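Chemist: Below are the sequence and a predicted model for it; my questions follow.
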Amino acid sequence: MTEFTAKIILTDIEGTTTSISFVKDKLFPYAKENTKDYLKETWLSNETNEIVRELLDLPEFEAYTKEVSKVANESLDVSTVDAFVKYLIDKDLKLGPLKRLQGLVWEKGYESGDLKGHVYPDVPEAFKRWTEAGLRLAIYSSGSIKAQQLLFGQTELGNLLPYISGHFDTTSGHKQEQQSYVNIAKALGEDPCNILFLTDVVKEAEAARKAGYQTAILARPGNAPLTDDDKTQYTVVSDFESLAISLKQTT
Ligand SMILES: CSCCC(=O)C(=O)COP(=O)(O)O
Ligand SMILES: [Mg+2]
């Protein structure tokens, strides 16, 4: 059992609360299959218009047009945007407009019951235990805030949103950048040393640690393997049951 004392727990989703395979084998294919219809239905809305403009402004769009020999300024149609979105999903790029669009597309899947959020069995109990101990719980994921709320609102193990008091996505900055964690601590109104960040990605833990956070790395089944050096540099646990986190008392 690894012991921590903190006031806030900030947790990642994919590879930490939720399996990587749920994201890669369920959420991403759903987005690939349903983006075209979503774009057709909402093409004239301001929100879709804004997302499409942001997508086409990405440097990746130029690279994509070169790869598929398309002329960039001939490209403002549903099929091209859909094909570009599929290309970005295949590359698993954590880009703001892509993540925003995915959240909107997944909403239908959750509404129809085609999607149910996956969380590991130890997650609901840990969320309950931590919040009952007086700790605050927040999420930081590359998935949009809307996508986070959909996933935790409708997991296979029930609605976990009542435990969560903050959501952060890439609008706070990218997950491997120290400044993002500074921004989040500021938004939470807490000294970084009182925040414990849980993730599966060493570079994210490194960025959080540089910002003054406590960190622990989750080694869930299917996560990327950790090196011996990672294991000596960071606390590594296989699940949330292995973490004993108590509330830091204010002096
Ligand atoms: C909100 S769940 C969607 C997961 C997702 O799109 C993603 O990119 C996961 O990244 P994370 O930062 O949670 O590892
Ligand atoms: Mg992750």
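Modeler: Alright, I've got the coordinates. Ligands and ions are numbered 1, 2, ... in the order given.

Chemist: Quick one: the strands in the stretch 151-251 of the chain, in order.
Modeler: Ranges of strands in the stretch 151-251 of the chain, per DSSP state E, counting those that start in this stretch, are 166-168, 195-199, 214-218, 236-237, 243-247.

Chemist: now, of those strands, which is deepest in the fold?
Modeler: strand 195-199 (a mean of 26; mean count of other C-beta atoms under 10 Å). Yep, even glycine has a C-beta here, placed from its N, CA and C like the rest.

Chemist: Do any residues in that one lie close to ligand 1?
Modeler: No - using C-beta under 6 Å from any ligand atom, strand 195-199 stays clear of ligand 1, coming no nearer than 7.5 Å.

Chemist: Run through the stretch 1-150 of the chain and note the low-pLDDT ranges.
Modeler: 70-75 (pLDDT under 70).

Chemist: for ligand 2, what are the nearby residues on it?
Modeler: Residues of the stretch 1-150 of the chain found near ligand 2 (C-beta under 5 Å from the ion) are Asp12, Glu14, Gly15.

Chemist: Over to the stretch 151-251 of the chain?
Modeler: For the stretch 151-251 of the chain, the contact set with ligand 2 under C-beta under 5 Å from the ion comprises Asp200.

Chemist: so where's the stretch 151-251 of the chain uncertain?
Modeler: 251.

Chemist: Would you mind listing what in it touches ligand 1?
Modeler: Residues of the stretch 151-251 of the chain lying near ligand 1 (C-beta under 6 Å from any ligand atom): Leu151, Lys175.

Chemist: circling back: could you point out which of the strands of the stretch 151-251 of the chain sits nearest Pro121?
Modeler: strand 214-218 (13.8 Å; C-beta to C-beta).

Chemist: quick one, what contacts the closest residue to Leu93 other than its chain neighbours?
Modeler: Spatial nearest neighbour of Leu93, excluding adjacent residues (C-beta to C-beta, 6 or more residues apart in numbering): Glu60 at 6.6 Å. Applying C-beta atoms under 8 Å, 6 or more residues apart in numbering, we find Glu60 in contact with Leu88, Lys91, Leu93, Leu95.

Chemist: Make sure Glu60 is indeed in a helix.
Modeler: Yes - looking at Glu60 with DSSP: H, G, I helix; E, B strand; the rest coil, it is inside a helix.

Chemist: what's the spacing between it and Lys7?
Modeler: Distance of Glu60 to Lys7, given as C-beta to C-beta, to the nearest Å: 39 Å.

Chemist: Return the residue spatially closest to the residue in the stretch 151-251 of the chain that ligand 2 sits nearest to, with its sequence-adjacent residues excluded.
Modeler: The stretch 151-251 of the chain approaches ligand 2 most closely through Asp200 (4.6 Å), counting by C-beta to the ion. Once flanking residues are discounted, Asp200 sits nearest to Gly15: 3.0 Å by C-beta to C-beta, 6+ apart.
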